[in-house]
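Chemist: can't give you the sequence, but here's the structure:
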């Protein structure tokens, strides 16, 4: 074939996808997926005291904060348009016991934080974690009898914990414990106490993942955890099982569901979103955050671009929103771009 014939063949192409990529305005016109500040939920770590802000060594840029400092930060996040925060306490080891007694105390760290946040920023959503690991001396999400995490006895405590948090002002109860039947029990208990409008965001597909290490540093359970959590968190090898877990939680009254971790499980996010058409959230967990930050600090990648690309990936996979430690930083970028 001659050069002239090659040229003619090239010029006769009808489909040229690059035409839609030629400029910024064109790319924006045909963009299939968008990321908005309203898609972001900010997880926050709490500690006792006043005026305290402690860096989490394994999570650069993330801090454990006393309630007053956290409220000030949440006020800034609310001004950026972040719709909700999720609270996680670092409980004083002296208050932890085998039965997670402090989890039921209406004056515990999370409950006091709920009231303070609602007083300062009543329009921001407050999500509270229902699980016992921040409160147990053994670091597990449930009650330990011998070597077994007992399911039904744990669920009884979780329902009381959920009601305690609802009384403190929690808008969304988020059970992360992975006990069987806990969503139905919590829904029944909330309704019986007059909290019909308190939502449940279930950690429906929570995997026994290696990506949780920095989180456990942040809440202080890495040193207390006995054994592992594979007897109740999901096997990373399983996908169909996630659909069963989500189906059960929705049947029991979950208003929204979560997949955790996030990026290593985008296939699960996609399957859940397409199967159930229910609000589906992904948690960009501590290990995912730490990897991006460490690579950025070493100059191995553009941290800001990697951050925004990772968040967009969740939306592309079908997530309704993302729990991410990047929330305030990403919100500022999106606000400036808007």
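Modeler: It's in. Predicted model only: the values in this text are computed from it and were never measured.
Chemist: contacting residues around residue 333?
Modeler: Applying Cβ atoms under 8 Å, 6 or more residues apart in numbering, we find residue 333 in contact with 304, 308. (Glycine included, C-beta is placed from N, CA and C.)
Chemist: check which helix or strand covers it.
Modeler: Taking DSSP states H and E as the criterion, residue 333 maps to helix 327-337.
Chemist: for that helix, list every residue counted as buried.
Modeler: Buried residues in helix 327-337, counted by 16 or more other Cβ atoms under 10 Å: 327, 328, 329, 330, 331, 333, 334.
Chemist: the fifth one contacts residue 79, doesn't it?
Modeler: Read it as residue 331. No - Residue 331 is beyond contact range of residue 79, at 9.3 Å (criterion: Cβ atoms under 8 Å).
Chemist: following the longest helix along the chain, which helix or strand shows up next?
Modeler: Identified as the longest helix of the chain according to DSSP state H is helix 151-168. Once helix 151-168 ends, the next helix or strand along the chain (criterion: DSSP H and E) is strand 172-175.
Chemist: pull out the buried positions in that next one.
Modeler: Buried residues in strand 172-175, defined by neighbour count with 16+ other Cβ under 10 Å: 172, 173, 174, 175.
Chemist: do stretch 151-162 as well
Modeler: 151, 154, 155, 157, 158, 159, 161, 162.
Chemist: adding distance to residue 16 and pLDDT, write the residues you listed out as a markdown table.
Modeler: Shown next, in a markdown table, are the buried residues of stretch 151-162 (distance: Cβ to Cβ, whole Å; pLDDT from 0 to 100):
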| residue | distance to residue 16 | pLDDT |
| --- | --- | --- |
| 151 | 59 | 97 |
| 154 | 59 | 98 |
| 155 | 59 | 98 |
| 157 | 62 | 98 |
| 158 | 57 | 98 |
| 159 | 60 | 98 |
| 161 | 59 | 98 |
| 162 | 56 | 98 |
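Chemist: of all the buried residues of strand 172-175, which comes closest to residue 285?
Modeler: Nearest to residue 285 among the buried residues of strand 172-175, counting by Cβ to Cβ, is residue 174 at 14.0 Å.
Chemist: residues contacting the residue nearest to the closest one when sequence neighbours are not counted?
Modeler: In space, and not counting its chain neighbours, residue 174 is closest to residue 201: 4.5 Å by Cβ to Cβ, 6 or more residues apart in numbering. When contacts are counted by Cβ under 8 Å, 6+ apart, residue 201 touches 127, 172, 173, 174, 254, 255, 256, 257, 258, 281.
Chemist: the second one is in contact with residue 124, isn't it?
Modeler: This points to residue 172. No - judged on Cβ under 8 Å, residue 172 makes no contact with residue 124 at a distance of 11.5 Å.
Chemist: hey, what's in contact with both of the two?
Modeler: In terms of Cβ under 8 Å, 6+ apart, residue 172 and residue 124 are both contacted by the residues residue 84.
Chemist: run a quick neighbour tally on residue 190.
Modeler: Neighbourhood size, residue 190 [other Cβ atoms under 10 Å]: 22.
Chemist: distance to residue 247 and pLDDT for the buried residues of helix 327-337 - can I get that in CSV?
Modeler: Below are these laid out as CSV (distance: Cβ to Cβ, whole Å; pLDDT from 0 to 100):
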residue, distance to residue 247, pLDDT
327, 29, 98
328, 34, 98
329, 35, 98
330, 32, 98
331, 33, 98
333, 36, 97
334, 34, 96
